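*Asks:* Give the three-dimensional model of this entry:
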Amino acid sequence: MDLNFNKNEDYNKLLVSQLKKRLAKVHLGGGKKSIEKLHSKGKMTARERIDYLLDAKTKSIEIGAFAGEDMYEEHGGCPSAGVVVKIGYIKGKQCIVVANDATVKAGAWFPITAKKNLRAQEIAIENKLPIIYLVDSAGVYLPLQDEIFPDKEHFGRIFRNNAIMSSMGITQIAAVMGSCVAGGAYLPIMSDEALIVDKTGSIFLAGSYLVKAAIGETIDNETLGGATTHCEISGVTDYKAKDDKDALDTIKNIVDKIGDYDKAGFNRTEPQKPKENQDDIFGILPKSRADQYDTYEIIKRLVDNSEFDEYKAGYGKSIITCYARIDGWAVGIVANQRKLVKTKQGEMQFGGVIYNDSADKATRFIANCNQKKIPLVFLQDVTGFMVGSKSEHGGIIKDGAKMVNAVSNSVVPKFTVIMGNSYGAGNYAMCGKAYDPRLIVAWPSAELAVMSGNSAAKVLLQIETASLKKKGETITPEKEEALYNDIKSRYDAQVSPYYAAARIWTDAIINPLDTRTWISMGIEAANHAPIEKPFNLGVIQV
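*Replies:* Okay, here's the model as predicted:
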């Protein structure tokens, strides 16, 4: 291996190490003292509950681990948005589990908490996956109630989705394992079956203090809305559990008896590992987002047997389109080629840029995958579409629009992996979050923005200096450099994959070596939902 490979390897492995450290911190939720306090009440943490519920020694993936990071520091923070979401297996059945983290503000709902819960429900709806709610929440975080209460993507949408999923026949099971108050009380009761843990679980629209204030009645919370009340008097809940583990065991037994599901019928054979060493990804992927590399070498380390069948290999070379298998599943891969390539006409195409012919090729390939019912995998490292008179005269906007049209109208499941750059309209064409990928993940090397930090800082610097000059200020080279560095540092913070993950623009930041697991489990989930409409591009400019 050359020196550059070794430098890349060291840098990218350091990024993964930093990822693991940040995840370890997130996994502590509200901190060790809060965890100890929960344990003293005989309760398990959200993560302990999920780990106990999921089948031992099976794979699982976590959605939105970094949600809320650095977003609510003035309110004491909201690690992982105060809720843990995982896709895993219960009694061999793939399910999605949503567990309130009572160590974070007693499980109170921040605006990002609602967004994360809605994302979990969206995954359940798209894939017709059974969903389990482990409820332990004090309700809406009142200081931010105006950002979570009335809008379409706010708290109330959760219950609307409960009703929609019920009508779709998607299994919903809820266990009340702590507080469940006010509007939040509707979530478990709008599920198919509801459990409640004796002495620690409670459900009511208003607690004892509010009842006293509102109507003058004196009553304790247990009598008002505890397990005995709701299992023996009101009939609101279906099962009474003696403790957390008993509730989780009951859920396992319920899930164990769910019948089989109708399948979409995606093609799968016996899984094979890549022949090429997957660890080489760390050395191939460059330290600088501006540097070139050969995306074929990445693909060889992601697909079964390192084998793929390329579509239109000699045409539109700045995008690679190929058929392959990942963990046995047939996939169609659309990947940005990051290597400077030469066309048969002798022209050079910059890596990571989408040209007219590349967009045309990708559109045709996406249509083929829809025709053949093959899930699509987008490997993003894109700086955008080619600019300049030649591209404009050649109709780059039209060709780009065709590609965006094909991505938008795809009926097969789509999965997006942001390996490096994800800039501007390139993000859209390569199936960014706005285009409904079933799952979208980023490697620690990813950057998401309208444009790169360098480019954006130069543009913003020109605007800033022009404004200062209008005010009569003299701009020295030193002041200009200081301005540039200040602008770039602020922009770079927003380009970070952690900034995107905090806002759930991506579902996770993952170790590149976990990419195959995410895609495989994603296709398995998608296989629960048969395709119900034909592929139709609608009106496009030919």
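
*Asks:* Quick check: the gap between residue 311 and residue 486.
*Replies:* Relative to residue 486, residue 311 is positioned 46 Å away (criterion: Cβ to Cβ, to the nearest Å). Backbone N, C-alpha and C define where each C-beta goes, glycine included.

*Asks:* for residue 227, same thing?
*Replies:* 57 Å.

*Asks:* more crowded one of the two?
*Replies:* residue 227 (23 against 14; other Cβ atoms under 10 Å).

*Asks:* Just confirm the more buried one contacts residue 197, I think it does.
*Replies:* Yes - here residue 227 reaches residue 197: they are 6.6 Å apart, a contact under Cβ atoms under 8 Å.

*Asks:* Report the set of residues contacting both of the two.
*Replies:* Common contact partners of residue 227 and residue 197 (Cβ atoms under 8 Å, 6 or more residues apart in numbering): residue 241.

*Asks:* Any buried residues in the longest helix belonging to the chain, and which?
*Replies:* Taking DSSP state H as the criterion, the chain has its longest helix at helix 3-26. Buried residues in helix 3-26, counted by 16 or more other Cβ atoms under 10 Å: 8, 9, 11, 12, 15, 16, 19, 22, 23, 26.

*Asks:* Stretch 178-191 too?
*Replies:* For stretch 178-191, by 16+ other Cβ under 10 Å, it's 178-182, 184-191.

*Asks:* CA-only coordinates of that stretch in CSV, if you can.
*Replies:* Extracted C-alpha coordinates of stretch 178-191, given in CSV (Å, rounded to 0.1, in the frame of the first residue of the first chain):
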residue,chain,number,x,y,z
GLY,A,178,-43.8,4.9,33.5
SER,A,179,-45.7,8.2,33.0
CYS,A,180,-48.1,8.6,30.2
VAL,A,181,-50.0,11.8,30.6
ALA,A,182,-52.2,14.3,28.8
GLY,A,183,-52.4,14.0,25.0
GLY,A,184,-49.6,11.4,25.1
ALA,A,185,-52.1,9.0,26.8
TYR,A,186,-53.8,8.5,23.5
LEU,A,187,-50.7,6.8,21.9
PRO,A,188,-50.9,3.5,23.8
ILE,A,189,-54.6,3.3,23.7
MET,A,190,-54.7,3.9,19.9
SER,A,191,-52.4,0.9,19.5
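
*Asks:* buried set for stretch 488-501?
*Replies:* Here stretch 488-501 shows 488, 491, 492, 495, 496, 497, 498, 499, 500, 501 as buried, counting by 16+ other Cβ under 10 Å.

*Asks:* can the buried residues of stretch 178-191 go into CSV with extra columns for secondary structure?
*Replies:* Shown next, in CSV, are the buried residues of stretch 178-191 (DSSP: H, G, I helix; E, B strand; the rest coil):
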residue, secondary structure
178, strand
179, strand
180, strand
181, strand
182, helix
184, helix
185, helix
186, helix
187, helix
188, helix
189, helix
190, coil
191, coil
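
*Asks:* ok, the residues you listed vs residue 336, which is closest?
*Replies:* residue 187 (41.0 Å; Cβ to Cβ).

*Asks:* For that closest one, which residues are in contact?
*Replies:* 133, 135, 158, 159, 162, 174, 180.

*Asks:* what's the helix or strand containing residue 486 in contact with?
*Replies:* Using DSSP states H and E, residue 486 sits in helix 477-495. Contacting residues not belonging to helix 477-495 are listed as 447-449, 452-454, 456-458, 460-461, 464-465, 499 [Cβ under 8 Å, 6+ apart].
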